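K.L.:
please find the sequence and the predicted model below.
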Amino acid sequence: MSEGVLETAREWLAQDPDEATRAELSDLISRAEGGDSAATADLHDRFDTRLAFGTAGLRGALGAGSNRMNRVLVSQAAAGFAAYLRDRAGAETPSIVIGYDGRRNSDVFARDSAEIFAGAGLRAILLPRLLPTPVLAFAVRHLGASAGVMVTASHNPPDDNGYKVYLGGDDDGAQIVSPADAEIAARIDEVAARADLGSIPRSDDYEVADESVVDAYVTGTAVVAPAPAGAAGLNWVYTAMHGVGYETLSRVLETAGYPAPTVVAAQIEPDGRFPTVAFPNPEEPGAMDLAFETARGADAELIIANDPDADRLAVAIPDAAAPGGWHRLTGNEVGLLLGWRAARTATSGTLACSLVSSPGLQTIAEHYGLDFTATLTGFKWISRAPGLVYGFEEALGYLVNPGTVRDKDGISAAVAILGLVAEAREEGRTLGDLLDESAATFGHFASGQVSLRVDDVSVIGRIMTALRAAPPASIGSVAVERMEDLLTAPEGSPRGDVLRLWLEDGSRVIVRPSGTEPKLKAYLDVRGESAEDAAARLSGVDAGVRAVLDAAQA
């Protein structure tokens, strides 16, 4: 029996205000004291490390312990962040906006945070109810706040929650980047080391924002694409994926003049249990099955889905060749359509995407004489592209209105897609026709992804080391022309644990560890003379990458 971990667990239990996690931890301690090796191992997993605070804030499984999301950890994070903001503000009084979604304990974590921010002397403003992440990102700028916190785990598994952090001022309401993450983490560690929960000052003297904040977001989003005449009679389906998107989206639709959708009734209300999906991410197999079923019953023209906090967007269109008659577009397909839309109306500025997203966006930018920037993954980087008029990443994230929100926004992206669909309908065309026109104009781009999920994250590091030590000479039958290691990228270029391989036929493979999951990801991009040629090239690259990763793992 490990006395050290037992003592740590008892100290944690003594300050935990949550009945559920107290009961959970008490049971584990009792079982470990009785010699239960599984309970002891569980305690080590919960307390031997601490949930790391990084540029994505905090994200992890709910439960008791320093390596879980719970009221103790969140309170320490809030106190540490408050100390960081006070240091940063100097003589000024910092202000902070707090939002939360419909996941389990999101509201509790948000109110704990508001009380602790207020107790630290900050002006704390809690959003009036559970709302999408883009509303919080908007509110930071709209209210001129020093910072923002959104309690959400986005599209993570049901048992997760998280703490997403934004900075105002010079950061203009964007997510934090280095070195702010390390500075905030150090402050949180100081709080955790010196104070138990009872000694952290709290106050109920925080504000609750009125509806004018949400009203302003709705107005600012509706103008992204006011409904043209072709919107009349549009028959479409929407799912919120058990998240918080629909209330806000429905108000935007009414303001912009679009017809209401047929909703996926079983998924339209917020429900942190996510009872109809194993994984509440529209990209995951099976997640949109109910939407496809609803669309077949409604004979719909289009499906739009948000993820649970409505910062991502998925789109599906009828396809007789697809299983069930519906085809979900890839993030790159939607991203290039929206990039084309933005480029047609921009007279100057930058189109930006993450470096793992389709190179087709650069082709569009060059076609229209616009600047192009490829950034590291995440909207914390995309949103900071100079002169940004549009940004996207292949993981269903789109920023169509950077003047309003400095983060991906699945609601404004939904309105932009509806605008494209409605304009096409005026000409007797469909979204599928727009995809064909885009390919004919800019090239037949195709993208794919190979993901290797591991139980031991050290495996990922070993594979990356092996690839660096012995770069592959070819991917399948196509020779590798060059490999770039972004750990050693030139000053001013994106730097990170990323390998970028260029093949002789112009194809591209990018390999990197996932930032949020125990996965190694390879992103595949090809350009063909036709759709069939692109598909064939992609198939060859896919098989080749799998063989290379298998060899590196071995």
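P.N.:
Ah, there it is.
K.L.:
wait, residue 552 sits on residue 461?
P.N.:
No: using Cβ atoms under 8 Å as the test, residue 552 is too far from residue 461 to be in contact (11.4 Å). No exception for glycine: its C-beta is placed from N, CA and C like everyone else's.
K.L.:
who has more neighbours, those two?
P.N.:
residue 552 (20 against 13; other Cβ atoms under 10 Å).
K.L.:
what about residue 212, how many residues nearby?
P.N.:
10.
K.L.:
please renumber the chain so that the first residue is 4 from this point on.
P.N.:
With the count now opening at 4, the last piece we talked about shows up as residue 215.
K.L.:
if we can go back for a sec, anything in contact with each of residue 555 and residue 464?
P.N.:
Residues touching both residue 555 and residue 464 (Cβ atoms under 8 Å, 6 or more residues apart in numbering): none.
K.L.:
contact partners for the closest residue to residue 363 other than its chain neighbours?
P.N.:
Distance criterion Cβ to Cβ, 6 or more residues apart in numbering; nearest residue to residue 363, sequence neighbours excluded, is residue 448 at 4.1 Å. Counting by Cβ under 8 Å, 6+ apart, residue 448 touches 335, 339, 361, 362, 363, 366, 442, 528, 529, 530, 537.
K.L.:
nearest residue to residue 420 in space, ignoring adjacent ones along the chain?
P.N.:
Closest residue to residue 420 apart from its sequence neighbours, by Cβ to Cβ, 6+ apart: residue 318 at 5.8 Å.
K.L.:
A strand includes the one you found, no?
P.N.:
Yes: counting by DSSP: H, G, I helix; E, B strand; the rest coil, one finds residue 318 located in a strand.
K.L.:
go ahead and confirm residue 531 touches residue 539.
P.N.:
Yes: Residue 531 is in contact with residue 539 according to Cβ under 8 Å; the separation is 7.3 Å.
K.L.:
what about the two, which has more around it?
P.N.:
It is residue 531, of residue 531 and residue 539, that has more neighbours when counted by other Cβ under 10 Å, with 20 against 14.
K.L.:
contacts only, for that one.
P.N.:
Going by Cβ under 8 Å, 6+ apart, residue 531 touches 447, 449, 537, 538, 539, 540.
K.L.:
please check those residues and keep the buried ones.
P.N.:
The neighbour count (16 or more other Cβ atoms under 10 Å) marks 447, 449, 537, 540 as buried among these.
K.L.:
mind telling me what element the third one is part of?
P.N.:
Per DSSP states H and E: residue 537 is located in helix 534-556.
K.L.:
just give me the neighbour total for residue 289.
P.N.:
10.
K.L.:
got the phi/psi numbers for the residue nearest to residue 363?
P.N.:
Residue 448 has phi and psi values of phi -90, psi 140 when expressed as degrees, to the nearest 10.
K.L.:
could you give the bridge partners of it?
P.N.:
residue 530 (DSSP bridges).
K.L.:
per-residue pLDDT, it?
P.N.:
For residue 448, the pLDDT comes out at 96.
K.L.:
where does the stretch 4-153 of the chain have low pLDDT?
P.N.:
Applying pLDDT under 70 to the stretch 4-153 of the chain flags the ranges 4.
K.L.:
and residue 374, bridged to which residues?
P.N.:
Beta-bridge pairing of residue 374 under DSSP bridges involves residue 353.
K.L.:
ok, it - contacts?
P.N.:
Each residue near residue 374 by Cβ under 8 Å, 6+ apart is listed here: 351, 352, 353, 354, 368, 390.
K.L.:
same question for residue 149.
P.N.:
Residue 149 makes contacts with 88, 91, 92, 95, 97, 98, 99, 125, 170, 171, 172, as judged by Cβ under 8 Å, 6+ apart.
K.L.:
try residue 293
P.N.:
With Cβ under 8 Å, 6+ apart, residue 293 has these contacts: 242, 267, 269, 270, 279.
K.L.:
ok, and the closest non-adjacent residue to it?
P.N.:
Closest to residue 293 by Cβ to Cβ, 6+ apart is residue 267, at 5.1 Å.
K.L.:
got phi/psi on that neighbour?
P.N.:
Torsion angles, degrees, to the nearest 10, at residue 267: phi -80, psi 100.
K.L.:
any regions of the stretch 254-403 of the chain where pLDDT drops low?
P.N.:
Nowhere does the stretch 254-403 of the chain drop to pLDDT under 70.
K.L.:
how about the strands in it?
P.N.:
Along the stretch 254-403 of the chain, counting by DSSP state E, counting those that start in this stretch, strands occupy 265-266, 305-309, 316-321, 329-331, 353-357, 374-378, 391-396, 400-402.
K.L.:
next one: the stretch 54-203 of the chain
P.N.:
Using DSSP E, counting those that start in this stretch, strands in the stretch 54-203 of the chain cover 61-64, 98-103, 126-129, 150-154, 163-170, 177-178.
K.L.:
could the ones you listed be laid out in CSV, adding mean neighbour count and distance to residue 42?
P.N.:
Shown next, in CSV, are these (neighbours: other Cβ atoms under 10 Å; distance: least, Cβ to Cβ, whole Å):
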stretch, mean neighbour count, distance to residue 42
strand 61-64, 21, 17
strand 98-103, 28, 32
strand 126-129, 23, 37
strand 150-154, 29, 29
strand 163-170, 25, 22
strand 177-178, 25, 37
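K.L.:
and of the ones you listed, who's closest to residue 119?
P.N.:
strand 126-129 (8.4 Å; Cβ to Cβ).
K.L.:
packing partners for the closest one?
P.N.:
Helices and strands touching strand 126-129, as assessed by 3 or more Cβ pairs under 8 Å, 6 or more residues apart in numbering; DSSP states H and E, comprise strand 98-103, helix 109-122, strand 210-211.
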